[in-house]
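Pasting a predicted model and its sequence here:
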Amino acid sequence: MTQNINKNKILVNIEIVRGDVSKSINYEYTKRSEEERPMALDVLMQAQNTTIPDLAFRYGCRARNCGVCTIDINDRPRVACRARVKNGDKLSAIATLPVLSDLVVRRDGIPRQLRGLKTTATGNDLNVEAPKEYHELTACIECYACLDKCPMHAKNFDKGITNKVMEDLPNPEDGYKYGNPFSLLKLERICLDPLTSDQGKEIAIQKAVDLGLESCIACPGCKCGVGIDLKGKVIKPILERAKDKL
Ligand code: SF4
Ligand code: SF4
Ligand code: FES
């Protein structure tokens, strides 16, 4: 998997796509030891610290907690600080959101979908215990890996997103019209929250319908980047809650 270029350097060849494939470059990551199995984020950081100082990418916690480092590795979304790479791998911006620069995408169109949602609480009784399903959904790190292959999210980009031309894409500031597994997870979590009123649940369910929940009926399901059972714990229950509206 690795190439010994000389006695001192152990190199891993990685393709880094800077915005679009026409701007691909090859970077040779220098391993610190034969045993090292670098993460994608290690490669990007070393590239930026050495030969590509203007390389743009995002990271925060470096511990799979914040979700902002998500990129595509060989065209599949992965959390870069926890995804090992090997010789010949390709790193690029996630394909499901518009690229701002190199591996940085514009993420705000997703959280803005739920802006202004008023799911009024019934009180602030801290002794109310949330069900275990609620706690399972708090494992979401907002990495947006689940947008991959979601037909509902794809409807936001009627011309496709692959041209990456921001002017042709919906304005993220408005919040994307059609939903995605992450937004549905947030709405299901509102419904599971013991402090949410019945009216609040109704608002959350209606929001799921308005975001295009019907796309989920015939969809084989979505995959979470950190292993949350989206089909069983989000899609199925929210479809059941909304069955009279679909
Ligand atoms: S089940 Fe729904 S949210 Fe999940 S990928 Fe399919 S359309 Fe998207
Ligand atoms: S549901 Fe999973 S894949 Fe989607 S944003 Fe949350 S952690 Fe990431
Ligand atoms: S840097 Fe926070 S999840 Fe990777």
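That came through fine. Ligands and ions are numbered 1, 2, ... in the order given.

Run through the chain and note the low-pLDDT ranges.
Applying pLDDT under 70 to the chain picks out residues 1-8, 121-126, 162-167.

90 instead?
1-11, 19-23, 32-35, 116-130, 157-174, 195, 221 (pLDDT under 90).

can you list the domain ranges for it.
3-105, 111-245 (automatic domain parsing).

Tabulate those (a markdown table), appending distance to ligand 1 and mean neighbour count.
In this view, the C-beta of every residue, glycine as well, is placed from N, C-alpha and C. Output for the domains of the chain, formatted as a markdown table (distance: least, CB to the nearest ligand atom, whole Å; neighbours: other CB atoms under 10 Å):
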| stretch | distance to ligand 1 | mean neighbour count |
| --- | --- | --- |
| domain 3-105 | 11 | 17 |
| domain 111-245 | 3 | 17 |
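
wait, what's in contact with the residue most central in space within the chain?
The centroid of the chain falls nearest to residue 144 when counting by CA atoms, centre = their mean (1.3 Å). By CB atoms under 8 Å, 6 or more residues apart in numbering, residue 144 lies in contact with 67, 70, 77, 94, 96, 97, 107, 110, 180, 182.

can you confirm the third one is in a helix?
Put plainly, it is residue 77. No. Counting by DSSP: H, G, I helix; E, B strand; the rest coil, one finds residue 77 to be strand, located in no helix.

and it, bridged to which residues?
residue 72 (DSSP bridges).

can I assume it is in contact with residue 149?
No. Using CB atoms under 8 Å, residue 77 makes no contact with residue 149, being 9.7 Å away.

So which residues on this protein come close to ligand 3?
59-62, 64-69, 79-81 (CB under 6 Å from any ligand atom).

State the pair within those that is farthest apart.
65 and 80 (13.1 Å; CB to CB).

what about the helices in the protein?
With DSSP state H as the criterion, the chain has helices at 40-49, 132-137, 151-154, 181-192, 198-210, 230, 236-241.

List the contacts of the spatially closest residue to residue 83 that is not a sequence neighbour.
Among residues not flanking residue 83 along the chain, residue 40 sits closest, at 4.9 Å (CB to CB, 6 or more residues apart in numbering). For residue 40, the contacting residues are 71, 73, 78, 80, 81, 83, 84, 85, 89, 91, by CB under 8 Å, 6+ apart.

possible to save these as TSV with distance to ligand 2?
As requested, these are exported to TSV (distance: CB to the nearest ligand atom, whole Å):
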residue	distance to ligand 2
71	13
73	15
78	11
80	13
81	13
83	13
84	19
85	20
89	20
91	18
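
now, which of those residues lie within strands?
Members of the contacts of residue 40 lying in strands (criterion: DSSP state E): 71, 73, 78, 91.

Which pair in these has the greatest spatial separation?
78 and 91 (9.2 Å).

list the residues that contact both of the two?
40, 71, 72.
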